[in-house]
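> Predicted model follows, preceded by the sequence.
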Amino acid sequence: MSLPGVLAFLGLAVLTMDVLGGVIATGVLLRGGRLRHLLAFVGGYALVIIPVTALLHPLLTVLGTWLRPILHSNDAIGSVEVVAGLALGAVSVHQWRAARRAPDPHDRLPRRSSPARLAMWPLLVAGMAFSATALADPAFTIAVGMASQEESLALRISLLALWHLVYQAPLVALTVIASTGKHDRLVRRLADWFAERRRPLQAALAVVLVLIALLVLADGTIALVGAHVPWLRQLLSLH
């Protein structure tokens, strides 16, 4: 994979980063969870992602022959970008409205007098269910398709492992913190910090989303009315 391809590959993971994993991991740690609990959650995620990725490789090869006319059509890709831009715009409006709501008196997390007892199997199952957030994300399929262009199997596996480390950076970071055994105070401070700044953070996220939505919508519209090659088509052709 060329340098532009690697940058686009990892940039896709950054732009679509799944923060829900970090939120869940924070909740687990605040309820007395330890490293083994997070590893069970991550293990459940991997149990689904690994076989699905293995199945996607041959499936994308077959679908690639059928979808090639669509992938090489500026109008088709431009239409996808217009729909994606409108969807991102709707999400940004939702975030902006959420940011303008008055703060809930229960926003700050309650102090626990003692940690809860957490079972391993429910967290393993929860990790398997959590994998649906990645499977439903088109970025995951795009990442698998980009990696599948590499001839070396070891390089494909390394690229996809790196992609997931970036894509699940919040979950990975909290798992690393938990491995130190000194996560209680840090996680509590982080949770309180985000709870106190929920409204400005949501407003900032809404602004970022609307800017991305406008860029994607504009790119798709220009592709539909002119001869411009959409960014998404350029991304899919990178290797």
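On my side now, so go ahead. The structure presented is a predicted model; accordingly, all values stated were derived computationally and were not measured.
> Check which helices and strands the strand or helix carrying residue 209 sits against.
Using DSSP states H and E, residue 209 sits in helix 198-225. Here helix 198-225 touches helix 74-100, helix 231-237, going by 3 or more CB pairs under 8 Å, 6 or more residues apart in numbering; DSSP states H and E. Yep, even glycine has a C-beta here, placed from its N, CA and C like the rest.
> Following the first one in sequence, what is the next regular element?
Spelled out, that is helix 74-100. Next helix or strand after helix 74-100 toward the C-terminus (DSSP H and E): helix 120-130.
> Following that next one in sequence, what is the next regular element?
Downstream of helix 120-130 (by DSSP H and E), the next one is helix 132-135.
> Contacts for that following helix next, please.
Residues outside helix 132-135 that contact it (CB atoms under 8 Å, 6 or more residues apart in numbering) are 18, 20, 21, 45, 48, 49, 52, 140, 164, 167.
> With only the CA atoms kept, save that helix in PDB.
Listed next in PDB are the C-alpha coordinates belonging to helix 132-135 (Å, rounded to 0.1, in the frame of the first residue of the first chain):
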ATOM      1  CA  ALA A 132     -22.300  -4.700  15.500                       C
ATOM      2  CA  THR A 133     -21.300  -1.000  15.700                       C
ATOM      3  CA  ALA A 134     -18.200  -1.800  13.600                       C
ATOM      4  CA  LEU A 135     -20.100  -4.200  11.200                       C
END
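> ok, and for it, which residues are buried?
residue 134 (16 or more other CB atoms under 10 Å).
> Stretch 158-174 too?
Going by neighbour count (16+ other CB under 10 Å), the buried part of stretch 158-174 is 159, 160, 163, 164, 166, 167, 168, 169, 170, 171, 172, 174.
> And it, end to end?
One end of stretch 158-174 to the other measures 22 Å (CA to CA, to the nearest Å).
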